[in-house]
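> quick one, what's the 3D model for this:
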Amino acid sequence: QVQLVESGGGLVQPGGSLRLSCAASGSISVISDMGWYRQPPGKERELVATISRGGSLNYAESVKGRFTISRDNAKNTVYLQMNSLKPEDTAVYYCNTRVLVSTTQKWGTYWGQGTQVTVSS
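Sure thing, here's the model as predicted:
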């Protein structure tokens with residue numbers, strides 16, 4: 001019904017930057033909150049940042065001042081600009097959206113397939 005396609009991960013040196021994108025498509029009436037989560041090796045999945053449809057922002061303390069989340073409602077896309085990357089930012093990054101599905105008129109939560117970000121020299 002709803003698909004999320006992520007892009008932009010990769011290998012970067014400490015101090016470098018990456019920009020992740022996540023585009024939602026399918027049977028979408030409305031997208032409310034959009035966000036990014038990550039799962040470091042051997043650890044639980046954790047919140048990175050969220051953005052409401054109206055633009056309210058929420059960040060994990062560990063990324064404040066370095067990461068910026070944004071969205072383009074016309075394109076059903078959420079972005080994560082990551083600057084000053086550290087080795088501890090290494091993880092699989094997942095996008096997450098809350099969607100009102102047009103075919104069922106029910107809200108559902110959807111996840112992307114994940115994209116690997118590796119910060120290493």
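> show the contacting residues for the residue lying closest to Asn96 once chain neighbours are set aside.
The spatial neighbour of Asn96 that comes closest, neighbours along the chain excluded (CB to CB, 6 or more residues apart in numbering), is Gly35 at 4.8 Å. Just so you know, the C-beta spots here come from the backbone N, C-alpha and C atoms, and that holds for glycine as well. Contacts here follow CB atoms under 8 Å, 6 or more residues apart in numbering; on that basis Gly35 touches Leu47, Val48, Ala49, Thr50, Ile51, Asn58, Ile69, Val78, Cys95, Asn96, Thr97.
> swap the cut-off to 10 Å and go again
For Gly35, the set of contacting residues under the criterion of CB atoms under 10 Å, 6 or more residues apart in numbering consists of 22, 47-52, 58, 69, 71, 78, 80, 94-98.
> buried ones among those residues?
Among these, those that count as buried by neighbour count (16 or more other CB atoms under 10 Å) are 22, 48-51, 69, 71, 78, 80, 94-98.
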